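Undergrad: Need coordinates for the below:
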Amino acid sequence: MVKSKIRPGSYNSQDLTGKVFIRLTVLKCIGISKHKLMMWKCLCQCGNITVVAARNLITGRTKSCSCLQKDWVSTNSKKHGLSHIPEYHIWVNMIRRCDNPYDDSYKNYGARGVMVCPKWYNYEIFLLDVGRRPSPQHSIDRIDNNKGYYPENVKWSTRKEQQRNKRDNIIYTFMKETKTLADWADIVRMPYHVLFNRIKVLKWDVERAFTEPKHNAGTSKRL
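TA: Next up, the predicted model:
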């Protein structure tokens, strides 16, 4: 935890000791995180101890240690009988990375404020809104990466389409045109990973990376 000033009227300024939020009873404050969020130690109804940001408790975003999510998943899978299709696992992972602080992807989603549409905690409604994915190459994608998973902000995208939409997308200028590396890969008819390795690993300049034929690279890797 790191020290930080507490702004009056903010979520951080409220004393939540002893308060109950759905399944969580707040025990004590344990400090401020590196993201400047006041963190509270809580006891869940299931008996687990968990640490939750004040903002997530007050807004209702976090309702349990994750046991409530597991109950939703279990109930939905039994009710609709569609837990065997890929969309179900995509739905589960979407909720996990937004709501579970212990998920490896949480730092890029939940910790950044990326939230799931409340009605989408019901799998059947989620599937009705987004439909089945067009192909095995498609996964759920947010149109605006600074916003959450909402009906107006998601679509099914291929890996290449998602590369174009990443927050840390790689942009390069060549022949007086500026495009993403994924776009350039299509234009110069070169695999994305080849261009990426040439520029990022081998440190080639853009012109050489984009113009040198793939099998005449003059390296042992034959890029």
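Undergrad: Where does pLDDT dip in this protein?
TA: Along the chain, the parts satisfying pLDDT under 70 run over 1-9, 69-83, 160, 163-169, 215-223.
Undergrad: Name the SS class of the closest residue to residue 192 other than its chain neighbours, please.
TA: Nearest residue to residue 192 in three dimensions, chain neighbours excluded: residue 185, at 4.3 Å (Cβ to Cβ, 6 or more residues apart in numbering). For every residue, glycine as well, the C-beta is placed using N, CA and C. Classification of residue 185 using DSSP: H, G, I helix; E, B strand; the rest coil returns helix.
Undergrad: got the contact list for residue 185?
TA: Residues near residue 185 by Cβ atoms under 8 Å, 6 or more residues apart in numbering: 191-192, 195.
Undergrad: And residue 101, by the same measure?
TA: Contacts of residue 101 by Cβ under 8 Å, 6+ apart are 50-52, 110-111.
Undergrad: and those residues, which of them are in strands?
TA: 50-52 (DSSP state E).
Undergrad: From residue 61, how far off is residue 148?
TA: 10 Å (Cβ to Cβ, to the nearest Å).
Undergrad: can you list residues touching both of those two?
TA: What both residue 148 and residue 61 touch, as defined by Cβ under 8 Å, 6+ apart, is the set residue 115.
Undergrad: Now do the end-to-end distance for stretch 22-39.
TA: Start-to-end span of stretch 22-39 (Cα to Cα, to the nearest Å) is 17 Å.
Undergrad: residues making contact with it?
TA: 1-4, 6, 11-12, 15-20, 40-46, 49-55, 57, 60, 62-65, 67-68, 111.
Undergrad: Just the strands from this structure, written as ranges.
TA: 20-21, 24-32, 38-44, 49-53, 138-142, 154-158, 171-174, 177-180.
Undergrad: Counting by contacts, list what the fifth one packs against.
TA: Going back to what we said before, that points to strand 138-142. helix 86-99, strand 154-158, helix 159-164 (3 or more Cβ pairs under 8 Å, 6 or more residues apart in numbering; DSSP states H and E).
Undergrad: Can you give the domain ranges for the protein?
TA: As given by automatic domain parsing, the domain ranges for the chain are 11-58, 67-164, 171-214.
Undergrad: List the beta-bridge partners for the nearest residue to residue 130 once chain neighbours are set aside.
TA: Here the nearest residue to residue 130 in space, its sequence neighbours aside, is residue 154; by Cβ to Cβ, 6+ apart that works out to 6.3 Å. Applying DSSP bridges to residue 154 yields these beta-bridge partners: residue 142.
Undergrad: how close does residue 87 sit to residue 125?
TA: 13 Å.
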